[in-house]
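Student: structure here, sequence nowhere to be found:
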């Protein structure tokens with residue numbers, strides 16, 4: 001089983017890696033929704049077996065990270 005790992009660095013100094021990272025395994029993502037707001041883009045990831053989405057916000061200045069995220073999820 002392969003996976004895509006995205007590590008998100010937060011502003012706090014929380015040493016817990018689980019609070020800063022997200023593992024997405026192949027064939028586990030049902031679908032992804034993107035919502036464009038005025039100052040950020042919200043990505044909602046729905047995985048199999050869970051009705052609640054995983055929400056990630058990308059600020060305007062982080063658009064390059066948003067594009068990298070999409071490429072990694074799509075395995076491009």
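Tutor: Arrived safely, thanks for sending. Not measured: the values here are computed from a predicted model.
Student: which parts of the chain are helices?
Tutor: Here the chain has its helices, by DSSP state H, at 63-73.
Student: quick one, strands of it?
Tutor: Ranges of strands in the chain, per DSSP state E, are 3-7, 21-25, 29-36, 40-47, 54-59.
Student: shaky segments in the chain?
Tutor: Scanning the chain for pLDDT under 70 picks out 1-26, 75-76.
Student: now do 90
Tutor: Applying pLDDT under 90 to the chain flags residues 1-32, 38, 43, 45-51, 53-76.
Student: beta-bridge partners for the closest residue in space to residue 35 that isn't next to it in sequence, please?
Tutor: Excluding its sequence neighbours, the residue lying closest to residue 35 (Cβ to Cβ, 6 or more residues apart in numbering) is residue 42, at 4.4 Å. Heads up, the C-betas are built off the backbone N, CA and C, glycines and all. Following DSSP bridges, residue 42 is listed with bridge partners residue 35, residue 57.
Student: would you confirm that residue 42 contacts residue 53?
Tutor: No. Residue 42 is not in contact with residue 53 according to Cβ atoms under 8 Å; the separation is 9.6 Å.
Student: which residues are common contacts for those two?
Tutor: When Cβ atoms under 8 Å, 6 or more residues apart in numbering defines a contact, no residue borders residue 42 and residue 53 alike.
Student: so what's the residue count around residue 31?
Tutor: 9 (other Cβ atoms under 10 Å).
Student: ditto for residue 58
Tutor: With neighbours defined by other Cβ under 10 Å, the count for residue 58 comes to 18.
Student: next up, the contacts around it.
Tutor: By Cβ under 8 Å, 6+ apart, the contact set of residue 58 is 40-43, 65-66, 69.
Student: ok, it to residue 48 distance?
Tutor: 24 Å (Cβ to Cβ, to the nearest Å).
Student: with residue 35 instead?
Tutor: 22 Å.
Student: same check on residue 27?
Tutor: From residue 27 over to residue 48 the distance is 8 Å, taken as Cβ to Cβ.
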